[in-house]
Structure formats: C-alpha cells, structure tokens
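I would like to see how this sequence folds:
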Amino acid sequence: MITVAIAEDHQSLVDGIQLLLKYEEDIEVVGHANDGERLLEIVDHKRPKVVLMDIKMPKIDGISATKLLKKKHPEIKVIAFSMFDQEDAVAQMIAAGASGYLLKNSPLDEVLHAIRTVVTGETFFDQNIDPAFLNPESNTTKAKNLLSKSERDILKLIGQGKSSSEIGAIRFTAVSTVEKHRKNMISKLGLKGKGELLRYALEKKYEF
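Residues are numbered from 1 along each chain as shown. Down below sits the predicted model:
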C-alpha cells in the first residue's frame, strides 16, 4: 500500500485529491495539513511513503518543510505540488530533496502517475516542465551531439558577439552560409530566433 500525506493550504484542492485517491486500491491518504508545521507532525506520526507538498504554505513553506522532512526521514518521497513553473522554484524544491514536481493545473490522473512513479525511486516532472535545465552539463553534451563542427564554431563566435558578416569574414565564407547555419541551429536547439540563439551561446558559455 502506498501511503500518502497531502500538504496544501487550499482545502477544496485537498478534498479533490482525497476523492480521487479514495477509489485507488493501492493508495491510501493517511493525513493532510494546511501548513508546513502540521505536515511535519503528521509525517512523524504516520510515516507516509509519499508527500504531496505545496510550496507556498503558512508557518513553514514547502521548500523548508521538504528539507526538514528529508533530513529526518530520507526514505519518504516528496512531490512538489505548485502553481509555479519557474525554473528557480523547480530547482529549489529538487535541491531540497523532492523527487518530483507537479503543477496544480495538471489533470488529476497525473497525480496518480506521479505518486506511483516516485515511490519506485524514479523522478517525475509535470509534462509542462523540462528538467534538462537542472543539468547544464547534459545540455552541453546534447548540443554537441546535435550541432555540426561548423555550427559549434559559429555558435562560439556568436557567443563572442560577432555579427554574421564578421563571422563570414573570420571563416572565409558567405554571409548567406552563416545565416543558414544560424537557422539550422535555431531549429535543432528548439529556439525562437536570433535573440534566443545569442542568449543561449552567452548563458551556456560553451568551449567547443
């Protein structure tokens, strides 16, 4: 049996989740709390296998509560449950020890999927969140695999602030060829334009 505790300060949402889980034969809700302090008391007493953890709560917020919980009960899995999809919120919860991140506007079936995923030791991220940003090194490897040698060389020059005409002069190639490489990189990396390509090159600081 997968025992679950819910930390959420909106009672209507707690009621909805409890109703969803009520009919699952392998999941049982053993407690719920509207603030982080009460949640930690429930965890000490009930020792659930999974905690759905709201980030913004009274008394003790979700990030602090996750840190305290994981320090005392490292075996318990925490799923961040939030309306915020910003990278810093995701990163802070994962750094605190959460095994997953779920948005409150997700279908309730996703809650079931998340619970069953993290209890096996795996991580779970809402379909609207790309966790790749948590591991910049993997992003670098991915970019190196996606881009050709010429594209990587041009990306490095873009990161140095060079224009297409300057890059063409440095590489002894036509400006149209440089522009073609730019378009290819934007497409391969899933970016939206030249501005994003420049930011990408500057932020990642690639050393190709």
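
quick one: pLDDT of Ser163?
At Ser163, the pLDDT value in this model is 91.

Can I get stretch 117-132 in PDB? Just the C-alpha atoms.
Only the C-alpha atoms of stretch 117-132 are listed here, as PDB (Å, rounded to 0.1, in the frame of the first residue of the first chain):
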ATOM      1  CA  THR A 117       6.400   6.900 -10.200                       C
ATOM      2  CA  VAL A 118       8.300   8.400  -7.300                       C
ATOM      3  CA  VAL A 119       7.500   5.500  -4.900                       C
ATOM      4  CA  THR A 120       9.600   3.200  -7.200                       C
ATOM      5  CA  GLY A 121      12.600   5.500  -6.700                       C
ATOM      6  CA  GLU A 122      12.300   7.300 -10.000                       C
ATOM      7  CA  THR A 123      11.800  11.100 -10.600                       C
ATOM      8  CA  PHE A 124       8.700  12.700 -12.000                       C
ATOM      9  CA  PHE A 125       8.200  16.000 -13.700                       C
ATOM     10  CA  ASP A 126       5.000  17.600 -15.000                       C
ATOM     11  CA  GLN A 127       4.700  17.400 -18.800                       C
ATOM     12  CA  ASN A 128       4.900  21.200 -19.000                       C
ATOM     13  CA  ILE A 129       8.300  21.300 -17.200                       C
ATOM     14  CA  ASP A 130      11.600  20.400 -18.900                       C
ATOM     15  CA  PRO A 131      14.000  19.200 -16.200                       C
ATOM     16  CA  ALA A 132      17.000  19.400 -18.600                       C
END
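
From the rest of the structure, what touches that stretch?
Residues outside stretch 117-132 that contact it (C-beta atoms under 8 Å, 6 or more residues apart in numbering): 2, 49-50, 77, 79, 85, 90, 94, 99-103, 106, 110, 113-114, 138-139, 142. No exception for glycine: its C-beta is placed from N, CA and C like everyone else's.

how about the strands in this protein?
With DSSP state E, the ranges of strands along the chain come out as 2-7, 27-33, 50-54, 77-82, 100-103, 124-125.

could you give the mean pLDDT of the lengthiest helix in the chain?
Identified as the longest helix of the chain according to DSSP state H is helix 175-188. Helix 175-188 shows a mean pLDDT of 90.

So which bits of that helix are buried?
Residues 178, 181-182, 184-186 are the ones in helix 175-188 that count as buried (16 or more other C-beta atoms under 10 Å).

residue at max distance from the center of this structure?
Computed with C-alpha atoms, centre = their mean, the residue of the chain farthest from its C-alpha average is Phe172, at 41.9 Å.

Surely Val175 touches Ser165?
Yes. Contact criterion C-beta atoms under 8 Å: Val175 and Ser165 qualify, at 5.4 Å.
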